[in-house]
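Enquirer: Predicted coordinates and the sequence they were generated for:
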Amino acid sequence: MGPSADIGVIFSFLGAGLFIILAVSWIAFARLSMTGIERRLKDSGIARPCPWDGIGYRALWYAWAISVPIGIFNPRNDPSIDVPVVREFSTSFDRTLARIFIISAVVATIFILGGGLLLDIQ
């Protein structure tokens with residue numbers, strides 16, 4: 001076992017840890033923030049702003065709409081979700097969880113894909 005094997009083991013443990021953080025933040029945002037936003041919307045008589053939920057992706061759309069500033073990467077007239085409505089009904093707690101979720105998703109994706117390509121782990 002040489003140095004490349006040690007790097008592979010370290011990479012695997014770090015990747016697994018980042019994935020666990022991502023999974024926990026995804027579930028926490030979906031259960032604590034997204035359901036609260038949808039409850040407040042329903043109480044106001046507004047339909048759910050993101051009608052499609054493909055394997056839990058609705059949580060990702062909500063978090064993106066809340067945490068990323070409106071602009072080229074988060075358009076106000078996004079066809080998948082009504083961004084202004086979601087932002088209006090989110091609280092500071094929701095925005096914090098959304099940021100944690102999006103940051104952990106970006107970091108885990110870059111680390112796992114980038115490291116897998118750089119280290120050529122099979």
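Expert: That came in fine, so what should we check first?

Enquirer: what's the longest helix in this protein?
Expert: Looking across the chain with DSSP state H, the single longest helix is helix 92-119.

Enquirer: which helices and strands sit right next to it?
Expert: helix 3-28, helix 57-67 (3 or more Cβ pairs under 8 Å, 6 or more residues apart in numbering; DSSP states H and E). Using the backbone N, CA and C atoms, a C-beta is placed for each residue, glycine as well.

Enquirer: and Glu38, how many neighbours?
Expert: 18 (other Cβ atoms under 10 Å).

Enquirer: hmm, I was thinking of Trp64
Expert: Trp64 is flanked by 20 other residues according to other Cβ under 10 Å.

Enquirer: Check the one 5 residues further on too.
Expert: Pro69 has 7 neighbours, counted by other Cβ under 10 Å.

Enquirer: swap in Ser44?
Expert: Ser44: 10 neighbours (other Cβ under 10 Å).

Enquirer: Name the nearest residue to it, sequence neighbours excluded.
Expert: Excluding the flanking residues, the one nearest Ser44 by Cβ to Cβ, 6 or more residues apart in numbering is Phe89, at 7.5 Å.

Enquirer: My guess is the one you found contacts Thr35. True?
Expert: No - with contacts counted by Cβ atoms under 8 Å, Phe89 stays clear of Thr35, the gap being 12.0 Å.

Enquirer: In terms of neighbours, single out the busier of the two.
Expert: It is Phe89, of Phe89 and Thr35, that has more neighbours when counted by other Cβ under 10 Å, with 19 against 12.
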